[in-house]
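Enquirer: I would like to see how this sequence folds:
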Amino acid sequence: MTVILAFLAAAVGLLIGVIINALADDLPQYAFQDDPALPKQLRPPHYPDGQPRPLLAWSGLMAFLTGQRSPAGDETFYNRLSWRHPVVEVVMAVLYGGIAWGFHEESRLGVWFIFLAILMLITVIDLEHRLILFVVVIPALIVTLALNFLFPDTLPDGGDRPFKEYLIGGLLGGGVFFVMFLGGGVFADVVSAVRRRRLDEIPFGFGDVMLALLCGFMIGWRAMIFAMFITVFAGAIGALVYLVSRALLRQHYKVFTPLPYGPYIVLGTVIMLLFVDEVRDAF
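Expert: Okay, the predicted model is just below:
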């Protein structure tokens, strides 16, 4: 039965990956598109130039496997589907299938799946555009609070986790990262004064604050404390890896280059969402 559940979950994860890719293709351009002639509604999966993809190629994975990465007769580089499409679908399938296999007795499995889909969409857009869209975060906040109110986590003593713990978690995460946001603004002002020219790069965006608020609502304040520590350390390691890789590839590094911080917030949240007891026992 566990094997069947894992396969079904993997199939759902693949489908969710298709939806995530479609949203990641359209939402960023709609959020900042001022041309009234362009459509504002979400469209079925399409190629970069807007041509609709065949039904079999709605899945990025199938598009690659069947040679439909580009429209028929169009092999131009800029009209190809990126590798992000099959990668996201495979990752979601493996993630859902693995969680169903390892946590099949978890009563909030469906809630976890919804949370992970939201976080994956935010991560993909942040990595590609360095944006955390309010059009994604605001509905996600409402959905998260509703799910945690209706399906609270079960405590070790058998009781339900108080809803206020999720509220405090959001306020904690959002509050701490808001302070970091203000500190980033001060840092930018100081650097601008020293360099005698405006620093265009944003050290820490308000979208990260909203993401931290969302993640706190997802896991509650106790887990959010650990998640923030994981975020800081993972962010430091990621920055170090970036610097070393640039040096090894002999590529120029521009000082104060902004790096997307959202994925590290997501990483800490996912670890605490799935392995909260193991992390607490380790400390």
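Enquirer: Report pLDDT for Leu133.
Expert: Per-residue pLDDT puts Leu133 at 93.
Enquirer: what do you get for Ile118?
Expert: For Ile118, pLDDT reads 98.
Enquirer: ok, it to Ala239 distance?
Expert: Ile118 is 25 Å from Ala239, where distance means C-beta to C-beta, to the nearest Å. C-beta coordinates here come from the backbone N, C-alpha and C atoms, glycine included.
Enquirer: what about these two, which has more around it?
Expert: Ile118 (22 against 14; other C-beta atoms under 10 Å).
Enquirer: Without its sequence neighbours, what residue ends up closest to that one?
Expert: Ala140 (4.7 Å; C-beta to C-beta, 6 or more residues apart in numbering).
Enquirer: what about the one you found, which SS state?
Expert: Three-state call for Ala140 (DSSP: H, G, I helix; E, B strand; the rest coil): helix.
Enquirer: could you pull out the helices for the chain?
Expert: 2-31, 60-65, 84-102, 109-129, 134-150, 163-195, 206-248, 262-282 (DSSP state H).
Enquirer: could those be laid out in a markdown table, adding distance to Pro71?
Expert: Shown next, in a markdown table, are these (distance: least, C-beta to C-beta, whole Å):
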| stretch | distance to Pro71 |
| --- | --- |
| helix 2-31 | 15 |
| helix 60-65 | 11 |
| helix 84-102 | 15 |
| helix 109-129 | 21 |
| helix 134-150 | 28 |
| helix 163-195 | 42 |
| helix 206-248 | 33 |
| helix 262-282 | 31 |
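Enquirer: so which of the ones you listed gets nearest Asp74?
Expert: With C-beta to C-beta as the measure, helix 60-65 is the member of those nearest Asp74 (13.3 Å).
Enquirer: which ones are touching Thr154?
Expert: Neighbouring residues of Thr154 by C-beta atoms under 8 Å, 6 or more residues apart in numbering: Ser107, Arg108, Asp160, Arg161.
Enquirer: Touching, Leu171 and Gly216? I think so.
Expert: Yes. Assessed by C-beta atoms under 8 Å, Leu171 is found in contact with Gly216 at 6.9 Å.
Enquirer: on that earlier part again, go ahead and confirm the residue nearest to Ile118 touches Cys215.
Expert: No. Counting by C-beta under 8 Å, Ala140 sits too far from Cys215 to count as a contact (10.0 Å).
Enquirer: Name all residues that make contact with the residue nearest to Ile118.
Expert: Ala140 sits in contact with Ile118, Ile122, Leu214, where contact means C-beta under 8 Å, 6+ apart.
Enquirer: can you redo those as a markdown table with distance to Thr231?
Expert: Putting the contacts of Ala140 into a markdown table (distance: C-beta to C-beta, whole Å) gives the following:
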| residue | distance to Thr231 |
| --- | --- |
| Ile118 | 17 |
| Ile122 | 14 |
| Leu214 | 13 |
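Enquirer: ok, those residues vs Ser70, which is closest?
Expert: Closest to Ser70, out of all of the contacts of Ala140 and judged by C-beta to C-beta, is Ile122, at 28.0 Å.
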